[in-house]
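Visitor: below is the sequence, then the predicted model.
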Amino acid sequence: MLIRTEAPADILTIDRLLKSVFDTDAEANLVMALRENGRLTLSLVACSDEGEVIGHLLFTPVTIDGDDLSWQGLAPLAVAKEHQGKGVASALVEEAFTTLPEFGYPACVVLGDPSYYGRFQFSAAADYDLHCQWDVPEGAFQVRSLTENSVAEQLAGRKGLVDYCPEFNGL
């Protein structure tokens, strides 16, 4: 398996992958809108040994109480159904967590299953007085430091609303 950044030739393949993995086209439409509006910070694909795109992971900027701290939001993460449970998602996430700090991105947030994302050292954002703009189940909105500094150190007393790019409001 090869993990690499998205290339222009991957756009339609990623779109098909997202449409095949999620129940609606919302995530595929979101990714296309984010791409068109230049909001992608990091877009990774996982390719099989034959070169087929079998996974995709995207990060976009978020703000905290209106401040840009270079934090990122992870969404979406998708793996082709026939390749799920084989470590593809983990490989994508681990590559991203190596790459993002190299470019000065210190932390990220995710909205997802705490039992799944907990294995990547995410913890409840509410523990840091952070909340997202949507009404979500308790514990689903999570945060993780990507550097040696803790989330609390990076926040330096900040708290409040974590805002995603406006394109997310269409979900």
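Guide: Structure's in. What do you need?
Visitor: if I look at residue 167, how far off is residue 46?
Guide: Residue 167 sits 23 Å away from residue 46, going by Cβ to Cβ, to the nearest Å. The C-beta positions use only the backbone N, C-alpha and C, and glycine is treated the same way.
Visitor: between the two, which one's more packed in?
Guide: The residue with more neighbours, out of residue 167 and residue 46, is residue 46; 25 against 18, by other Cβ atoms under 10 Å.
Visitor: grab the nearest non-local neighbour of that one.
Guide: Excluding its sequence neighbours, the residue lying closest to residue 46 (Cβ to Cβ, 6 or more residues apart in numbering) is residue 55, at 3.4 Å.
Visitor: CA atoms of the helix or strand hosting the one you found as CSV?
Guide: In the assignment (DSSP states H and E), residue 55 maps to strand 53-61. Extracted in CSV, the C-alpha atoms of strand 53-61 (Å, rounded to 0.1, in the frame of the first residue of the first chain):
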residue,chain,number,x,y,z
VAL,A,53,-7.3,4.5,-4.8
ILE,A,54,-8.7,2.5,-1.9
GLY,A,55,-8.8,5.2,0.8
HIS,A,56,-9.0,9.0,1.3
LEU,A,57,-8.4,11.4,4.2
LEU,A,58,-8.9,15.1,4.3
PHE,A,59,-7.9,18.0,6.6
THR,A,60,-9.3,21.5,6.5
PRO,A,61,-8.7,24.6,8.6
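Visitor: if you count contacts, what does that strand end up packed against?
Guide: Under the contact definition 3 or more Cβ pairs under 8 Å, 6 or more residues apart in numbering; DSSP states H and E, strand 53-61 sits against helix 11-21, helix 26-36, strand 42-47, strand 72-79, helix 88-102.
Visitor: most tightly packed of the ones you listed?
Guide: strand 72-79 (a mean of 22; mean count of other Cβ atoms under 10 Å).
Visitor: and the angle for that strand with strand 53-61?
Guide: Strand 72-79 runs at 170 degrees relative to strand 53-61, counting by axes from the mean of the first three to the mean of the last three Cα atoms, to 10 degrees.
Visitor: quick thing: my sequence starts at 38, can you match it?
Guide: Understood, numbering begins at 38; the last thing we discussed is strand 109-116.
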